[in-house]
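Colleague: Just need the structure, nothing else, for what follows:
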Amino acid sequence: MKCPSCGADAAGKFCGTCGAALAGASCDVCGAPLTAGGRFCHVCGTPLGAPRRAAGKRQMLPWIVAAVAVALLVVVFVARSGGPSSSMAGGGGPGGASPSGPGATTTDLSSMTPREQADRLFDRVMRASEGGNAGEVTFFGPMTLQAYAMIGKLDADARFHVGLIEAALANDTGAIAQADTLAQEAPRHLFVPLIRWEVANRRGDTAALRRLYRQFLDNYDAEMASGKTEYDMHRTRLQAFRDEARGALGASSR
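Modeller: As a prediction, this is how the structure comes out:
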């Protein structure tokens, strides 16, 4: 068969050239079925490497411990160099609203939960992406996905973060997987068109962009009145995207 990611001849569960998942592959960590061509598990965020023997959780333990250690070291660096996770209140991305806020010189990591650590890394990647710092995105992005994988079941807000990280890493399959999961749980959720917008924008798909703007505006009022807590955490971002959508659609917008 041909690898759906790189086009090389491949056999088994993973491509021997690029490491992408092939048809029928499952995640070694959480056991979820993988999307063919994917480079990360869309459920737990585990990055996929070169083909390897079937491994149980016990065989994966050294790799997981190493990943956690690296992630914690990164969190220490981020905690010393960045401020609180302002993207939780506003954030960058569609609408052009960038994370901002005063920097903090030190942070007591013992007071941070695993989710707070993951959110801190997310904020770092979003600032780097907004600033055009591809090197930081490439370095911190996979670690951020791993940090979210460690917290267990993802809520809507965490899926939004993972989807944006996947999009920033140009992993369209992973980003769309998060949007699709959100859509299954809440078809009118505003985070769904936001994640898909990132993919369509990178591809230059203007028809999809207009469709996503329309979808967002059609659901905006009812969803914002629904009381979802994740909307409060991203209110500035959502309002900015609403204004951008109205401007893009012109007279056809509400």
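
Colleague: Just the buried residues of stretch 146-157, please?
Modeller: Residues of stretch 146-157 classed as buried by neighbour count (16 or more other C-beta atoms under 10 Å): 146, 147, 148, 149, 150, 151, 154, 156, 157. (Glycine included, C-beta is placed from N, CA and C.)

Colleague: any idea how far residue 207 is from residue 10?
Modeller: 32 Å (C-beta to C-beta, to the nearest Å).

Colleague: Looking at the two, which one has more neighbours?
Modeller: Neighbours were counted for residue 10 and for residue 207 using other C-beta atoms under 10 Å; residue 10 has more, 21 against 8.

Colleague: I'd say that one and residue 19 touch.
Modeller: No: judged on C-beta atoms under 8 Å, residue 10 makes no contact with residue 19 at a distance of 10.2 Å.

Colleague: what about the stretch 101-250 of the chain, any weak spots by pLDDT?
Modeller: The model of the stretch 101-250 of the chain has pLDDT under 70 over residues 101-110.

Colleague: what's residue 178 in contact with, if anything?
Modeller: Residue 178 makes contact with 42, 159, 160, 162, 163, 166, 195, according to C-beta atoms under 8 Å, 6 or more residues apart in numbering.

Colleague: In space, what's closest to the second one - neighbours in sequence excluded?
Modeller: Going back to what we said before, that points to residue 159. Distances taken as C-beta to C-beta, 6 or more residues apart in numbering place residue 178 nearest to residue 159, at 4.9 Å, with adjacent residues excluded.

Colleague: those helices in the stretch 1-150 of the chain, which residues are they?
Modeller: With DSSP state H, counting those that start in this stretch, the ranges of helices along the stretch 1-150 of the chain come out as 57-81, 114-130, 134-149.

Colleague: What of the stretch 151-254 of the chain?
Modeller: Counting by DSSP H, counting those that start in this stretch, the stretch 151-254 of the chain has helices at residues 156-168, 172-185, 191-203, 206-224, 229-233, 235-249.

Colleague: Which among the ones you listed is found nearest to residue 136?
Modeller: Residue 136 lies closest, by C-beta to C-beta, to one member of the helices of the stretch 151-254 of the chain: helix 156-168, at 10.1 Å.

Colleague: tell me the angle that closest one makes with helix 134-149.
Modeller: Helix 156-168 and helix 134-149 are oriented at 150 degrees to each other (axes from the mean of the first three to the mean of the last three C-alpha atoms, to 10 degrees).

Colleague: Counting by contacts, list what helix 156-168 packs against.
Modeller: Helix 156-168 is packed against helix 114-130, helix 134-149, helix 172-185, helix 191-203, helix 229-233, with contacts defined by 3 or more C-beta pairs under 8 Å, 6 or more residues apart in numbering; DSSP states H and E.
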